[in-house]
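*Asks:* no FASTA, just this:
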């Protein structure tokens with residue numbers, strides 16, 4: 001292992017360095033770590049003599065992400081190969097193997113409970129597998145453990161299907177490749193059926209909370225007619241009605257070419273990015289946090305929010321009133337944004353069709369929409385070969401982080417667009433990836449959003465008009481575990497540096 005000093009905080013805004021160093025006095029400024037291959041051969045007896053017995057706990061946080069369990073496999077194989085007496089322990093919570101949880105480690109009572117459990121079990125390491133929220137918790141937990149002289153070393157692993165836990169140190173997350181490939185195949189199937197029937201518009205909502213990485217990757221893999229990216233909406237400050245006009249204009253333009261079918265992708269998190277819907281949700285969540293009864297919330301809204309709330313279809317109003325997730329985000333999987341958009345597009349086209357009797361605005365056939373949500377089908381998929389390999393390698397790295405006595409680090413592997421033997425293994429202090437964010441602890445990992453100046457987005461923009469009008473649907477095929485296509489990597493990984 002080689003340690004590098006001086007680069008461990010390069011992603012932090014310089015204006016926030018002082019605040020973050022005060023928040024993490026014990027783990028701030030730690031070096032990067034690089035794990036080097038060795039060609040030295042040693043006997044099993046030497047391995048047992050040189051590597052002490054380790055006890056490492058593993059906890060999954062949040063929803064399933066394909067490949068996450070392979071981290072445990074890699075950790076188990078690594079820890080047992082260095083000393084068969086070493087032990088891996090699992091905790092209930094997260095993924096399908098040990099159940100699912102939305103818990104966050106935030107309060108002093110929660111942190112102390114974790115510390116007591118780690119000390120009682122005599123854990124040398126605690127591996128926390130999850131996304132942005134989970135690894136933020138890992139950083140705060142590592143700081144507390146260091147401050148209180150707890151011997152357990154906390155290690156984070158980037159596992160999230162949203163693809164938003166990436167930066168100059170983390171190239172991609174475990175699960176993103178699988179979810180994009182499965183979503184792309186399902187989208188492709190819909191595209192081919194739409195082309196065959198020639199009379200349906202399919203609106204597909206895909207996974208992705210704060211960022212539209214999945215939607216962008218799927219659009220470039222399967223070539224639907226249109227994709228609405230949250231980052232575009234946020235950048236242009238488009239309203240809900242701007243989006244409705246954009247889609248309605250597209251439907252009208254296609255009808256003028258005699259095309260009455262199409263496929264449109266929508267990211268799951270779009271509802272929290274559209275300005276007026278985001279503001280409405282925030283008001284509702286604030287009232288809920290104040291203990292206002294669900295049935296009474298509508299009467300407590302501001303005039304503008306109340307008017308919008310009453311305008312929305314009843315099913316959307318009901319979904320907006322669902323209690324937020326533990327991270328103060330709406331229950332996005334339960335909010336059928338695609339159905340809301342469909343209703344409004346249909347109303348707009350009907351309005352244009354009525355006007356067409358006098359003004360000729362829209363003379364197309366009846367608009368026939370079908371809605372889909374690709375969520376549970378994708379995150380419950382068998383992992384791709386890439387995610388299997390990537391997660392397994394990260395599991396091995398977790399062992400070496402714990403064995404080296406490093407605390408508050410995230411396991412990383414880089415050079416991932418190349419073959420496995422060219423991957424580079426390392427570890428990065430989690431706080432090197434932190435920024436300031438409004439949360440209970442003041443500092444947090446922040447989800448990486450689609451770069452509107454990046455190569456991937458530029459590729460989409462270059463093809464957007466032809467995707468819209470020319471039906472250049474593409475079939476990327478199913479997941480492959482052997483033969484041609486096995487080692488295909490995502491465009492997100494291959495095009496973005």
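*Replies:* Yep, that arrived. Treat the numbers as computed from the prediction; the structure is a model and nothing was measured.

*Asks:* can you tell me how far residue 53 is from residue 435?
*Replies:* 38 Å (Cβ to Cβ, to the nearest Å). In short, each C-beta sits where N, CA and C put it, glycine included.

*Asks:* the residue lying closest to residue 215 once chain neighbours are set aside pairs with what?
*Replies:* Nearest residue to residue 215, sequence neighbours excluded (Cβ to Cβ, 6 or more residues apart in numbering): residue 267, at 4.2 Å. For residue 267, the beta-bridge partners under DSSP bridges are residue 206.

*Asks:* I'd say residue 267 and residue 231 touch.
*Replies:* No: the pair residue 267 / residue 231 is not scored as a contact, 9.1 Å apart, by Cβ atoms under 8 Å.

*Asks:* looking at the two, which one has more neighbours?
*Replies:* A side-by-side neighbour count of residue 267 and residue 231, using other Cβ atoms under 10 Å, places residue 267 first with 30 against 20.

*Asks:* and residue 452, helix, strand or coil?
*Replies:* Three-state assignment for residue 452 (DSSP: H, G, I helix; E, B strand; the rest coil): coil.

*Asks:* check it and give its pLDDT.
*Replies:* With respect to pLDDT, residue 452 scores 96.

*Asks:* ok, how many other residues are close to it?
*Replies:* Residues within reach of residue 452, counting by other Cβ under 10 Å, total 15.

*Asks:* what's near enough to touch it?
*Replies:* Counting by Cβ atoms under 8 Å, 6 or more residues apart in numbering, residue 452 touches 231-232, 235.

*Asks:* buried sites along the strand or helix carrying residue 444?
*Replies:* Residue 444 is part of strand 443-445, with elements assigned from DSSP states H and E. The neighbour-count check on strand 443-445 (16 or more other Cβ atoms under 10 Å) flags 443-445 as buried.

*Asks:* would you mark the buried spots in the helix or strand following that strand?
*Replies:* Downstream of strand 443-445, the next assigned helix or strand under DSSP H and E is helix 455-470. By 16+ other Cβ under 10 Å, the buried positions in helix 455-470 come out as 456-457, 460, 467-469.

*Asks:* quick check: next helix or strand after helix 455-470?
*Replies:* The first helix or strand that comes after helix 455-470 along the chain, using DSSP H and E, is helix 491-495.

*Asks:* quick one: average confidence on that next one?
*Replies:* So the average pLDDT for helix 491-495 ends up being 93.

*Asks:* most centrally placed residue in this protein?
*Replies:* Centroid-nearest residue in the chain, with Cα atoms, centre = their mean: residue 162, separated by 1.7 Å.

*Asks:* relative to residue 332, how far out is that one?
*Replies:* 11 Å.

*Asks:* now the end-to-end length of stretch 121-128.
*Replies:* End-to-end span of stretch 121-128 (Cα to Cα, to the nearest Å): 16 Å.

*Asks:* tell me the mean pLDDT for that stretch?
*Replies:* 97.

*Asks:* pull out the buried positions in that stretch.
*Replies:* 123-128.

*Asks:* of the residues you listed, which is the nearest to residue 91?
*Replies:* Nearest to residue 91 among the buried residues of stretch 121-128 is residue 126, at 9.0 Å by Cβ to Cβ.

*Asks:* that closest one pairs with what?
*Replies:* residue 57, residue 154.

*Asks:* ok, it - contacts?
*Replies:* 56-59, 114, 118, 141, 152-155.

*Asks:* can I get these in JSON lines with distance to residue 449?
*Replies:* Supplementary listing: these in JSON lines, determined by distance: Cβ to Cβ, whole Å:
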{"residue": "56", "distance to residue 449": "33"}
{"residue": "57", "distance to residue 449": "32"}
{"residue": "58", "distance to residue 449": "29"}
{"residue": "59", "distance to residue 449": "27"}
{"residue": "114", "distance to residue 449": "31"}
{"residue": "118", "distance to residue 449": "34"}
{"residue": "141", "distance to residue 449": "26"}
{"residue": "152", "distance to residue 449": "33"}
{"residue": "153", "distance to residue 449": "31"}
{"residue": "154", "distance to residue 449": "27"}
{"residue": "155", "distance to residue 449": "26"}
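
*Asks:* can you tell me which of those are buried?
*Replies:* 56-59, 114, 118, 141, 152-155.

*Asks:* ok, the contacts of residue 452 vs residue 489, which is closest?
*Replies:* When these are compared against residue 489 (criterion: Cβ to Cβ), the nearest one is residue 231, at 22.4 Å.

*Asks:* pretty sure that closest one is touching residue 210, no?
*Replies:* No: using Cβ under 8 Å, residue 231 is not in contact with residue 210, being 9.7 Å away.

*Asks:* between those two, which contacts overlap?
*Replies:* residue 449.

*Asks:* show me where the stretch 1-150 of the chain has strands.
*Replies:* Ranges of strands in the stretch 1-150 of the chain, per DSSP state E, counting those that start in this stretch, are 2-4, 32-35, 55-60, 87-90, 125-130.

*Asks:* correction: the stretch 251-400 of the chain
*Replies:* 262-267, 369-374.

*Asks:* and those as TSV, adding distance to residue 485 and mean pLDDT?
*Replies:* Converted to TSV, these look like this (distance: least, Cβ to Cβ, whole Å; pLDDT from 0 to 100):
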stretch	distance to residue 485	mean pLDDT
strand 262-267	22	98
strand 369-374	20	97
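
*Asks:* go through those and name the closest to residue 313.
*Replies:* Nearest of the strands of the stretch 251-400 of the chain (Cβ to Cβ): strand 369-374, 12.9 Å.

*Asks:* closest to residue 136 out of the buried residues of stretch 121-128?
*Replies:* Of the buried residues of stretch 121-128, the one sitting nearest to residue 136 (Cβ to Cβ) turns out to be residue 128, at 10.0 Å.

*Asks:* may I see the buried residues of stretch 105-116?
*Replies:* Neighbour counts using 16+ other Cβ under 10 Å place 105-106, 111, 114-115 of stretch 105-116 among the buried residues.

*Asks:* ok, residue 70 to residue 174 distance?
*Replies:* 8 Å.

*Asks:* so for stretch 405-414, mean pLDDT?
*Replies:* For stretch 405-414, the mean per-residue pLDDT is 97.

*Asks:* from memory residue 34 sits against residue 415, does it?
*Replies:* No: counting by Cβ under 8 Å, residue 34 does not reach residue 415; the two are 12.0 Å apart.

*Asks:* what about those two, which has more around it?
*Replies:* Here residue 34 and residue 415 are set side by side on neighbour count (other Cβ under 10 Å), and the busier one is residue 34, at 15 against 12.

*Asks:* bridging residues for that one?
*Replies:* Beta bridges link residue 34 to residue 2, residue 426, judged by DSSP bridges.

*Asks:* quick one: low-confidence parts of the stretch 201-350 of the chain?
*Replies:* 326-328 (pLDDT under 70).

*Asks:* now the helices: where do they sit in it?
*Replies:* For the stretch 201-350 of the chain, the helices defined by DSSP state H, counting those that start in this stretch occupy 213-222, 230-236, 240-255, 275-289, 297-300, 303-311, 314-320, 337-359.

*Asks:* separation between the residue found closest to residue 349 once you drop the neighbours it is linked to in the chain and residue 348?
*Replies:* Counting by Cβ to Cβ, 6+ apart, residue 349 lies nearest to residue 367, which is 4.9 Å off, once chain neighbours are set aside. To residue 348, residue 367 is 9 Å away according to Cβ to Cβ.
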